[in-house]
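Student: sequence first, predicted coordinates after that:
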Amino acid sequence: MRVLAAMSGGVDSSVAAALLVEEGLDVVGVTLRLWDNPTEAGCCSVAEIDDARRVANVLGIDHLVWTFVDEFDTRVVAPYVAAHAGGLTPNPCIECNRHLKFGRLLRRASQLGFDAVATGHHARVVDGRLLRGADPLKDQSYVLYMLGQAELRRVRFPVGVMTKGAVRARAAALGLPTADKPDSQDVCFVTTSGGREALLASRIPLHPGRVVDTAGAEVGRVDAVELVTIGQRRGLGTGGGARRYALSVDPAAGTVTVGEAGDLLVDSVPLTELCWVGGEPVTGPVEVQCSAHGDAVAATFDGRTMHFAEPQRRVAPGQSVVLYRGDDVLGGGIAVQS
């Protein structure tokens, strides 16, 4: 069996490749260069590519570098910018998985005769089911909910059955240079030097805006409406006093509406762009997770709208809402303005 192991330069993908080699499979490593980042640390930097190559050398496997910069910009970065311009809060990691890691990469792997693609995601595939990773603190199934049966038949998640501690211990035992490497936490194309503001300002005009309360009275100003997200508390220019949170963002009107913490609670959230792991729509009682590191809560899905069993913090339009039953990922969709 020929397996293409996606190697980001981190410890999880390093150990994933090592486990495949231990199985006796025909493994080739590949690192995707998705973003022009020649000097800064992080994804797609020279240092990350070098780390992946060093691991491949230790494992005795070939290592490739494939450049998908143009498609990454079209499919991930440009929609990210457009979403912020429209007052949405996008999830670029999910779109990268959808279009690049489990889209373009899978297609090219098939064209080159590979039977499967493996990544270092903490998730599991069992009999066509997508399951949470064994380590609840590192589970990454939330960002994989768009995978269907066609993709699941051709992907492997070797570290999904391991805890993160076990992954690092295995890397150390194998002498892999990434054993103690810290996990990456940030959006890969948002630089540490300039941040989100610099990226957006390089592509779209940023507009100052009014901050108003739920009665419409002005209570502050922001430098850029496009930088505000639902639930944000800091940087709203409201001064001291009671804590206020962003409840809605209207870039067209140049307005951010704020309120108290209780004003963030909602009973439901409509979803769009639904996709299902098993291929068939799911309705009825589910557990729902509204962020990558959030807790799953009880809800009922009616085919379009998620109804929470108890009021929950408002989901920012543009964020993904993922449905579970136990460890099984059922599918999910993208929150729209309620």
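Tutor: Received the coordinates, thanks. Numbering: from 1, shown residues only.
Student: dihedrals phi and psi, the residue nearest to residue 181 when sequence neighbours are not counted?
Tutor: Nearest non-adjacent residue to residue 181, counting by C-beta to C-beta, 6 or more residues apart in numbering: residue 11, 5.4 Å away. (C-beta placed from N, C-alpha, C; glycine too.) With angles defined as degrees, to the nearest 10, residue 11 sits at phi -70, psi -40.
Student: just the pLDDT at residue 11, thanks.
Tutor: Looking at residue 11, its pLDDT reads 97.
Student: run through the residues that contact residue 227.
Tutor: 84, 196-197, 200, 206, 235 (C-beta atoms under 8 Å, 6 or more residues apart in numbering).
Student: which residues of the stretch 51-200 of the chain fall in helices?
Tutor: 69-72, 78-85, 92-96, 105-111, 149-152, 164-173, 195-201 (DSSP state H, counting those that start in this stretch).
Student: what does the longest one contact?
Tutor: Counting by C-beta under 8 Å, 6+ apart, helix 164-173 makes contact with 11-12, 14-15, 18-19, 122, 135, 137-138, 159, 162, 178-180, all of which sit outside it.
Student: try the last one
Tutor: By C-beta under 8 Å, 6+ apart, the surrounding residues in contact with helix 195-201 are 81, 84-85, 187, 189-191, 206, 224, 226-227.
Student: over to the fifth one?
Tutor: For helix 149-152, the external contacting residues (C-beta under 8 Å, 6+ apart) are 102, 106, 125, 128, 130, 277-279.
Student: again, but for the second one
Tutor: Applying C-beta under 8 Å, 6+ apart, the contact partners of helix 78-85 are 89-90, 92, 95, 196, 199-200, 203-204, 226-227, 251, 318.
Student: swap the cut-off to 10 Å and go again
Tutor: Outside helix 78-85, the residues that touch it by C-beta atoms under 10 Å, 6 or more residues apart in numbering are 72-73, 88-92, 95-96, 99, 187, 189-190, 196, 199-200, 202-207, 224-229, 249, 251, 317-318.
Student: rewinding a little: ok, the contacts of residue 227 vs residue 260, which is closest?
Tutor: Of all the contacts of residue 227, residue 235 has the smallest distance to residue 260: 17.5 Å, by C-beta to C-beta.
Student: I figured that closest one was touching residue 228, is that so?
Tutor: Yes. Between residue 235 and residue 228 there is a contact under C-beta atoms under 10 Å: 7.8 Å.
Student: out of these two, which sits in the busier spot?
Tutor: Neighbour totals were compared for residue 235 and residue 228, and residue 228 leads with 23 against 13 (other C-beta atoms under 10 Å).
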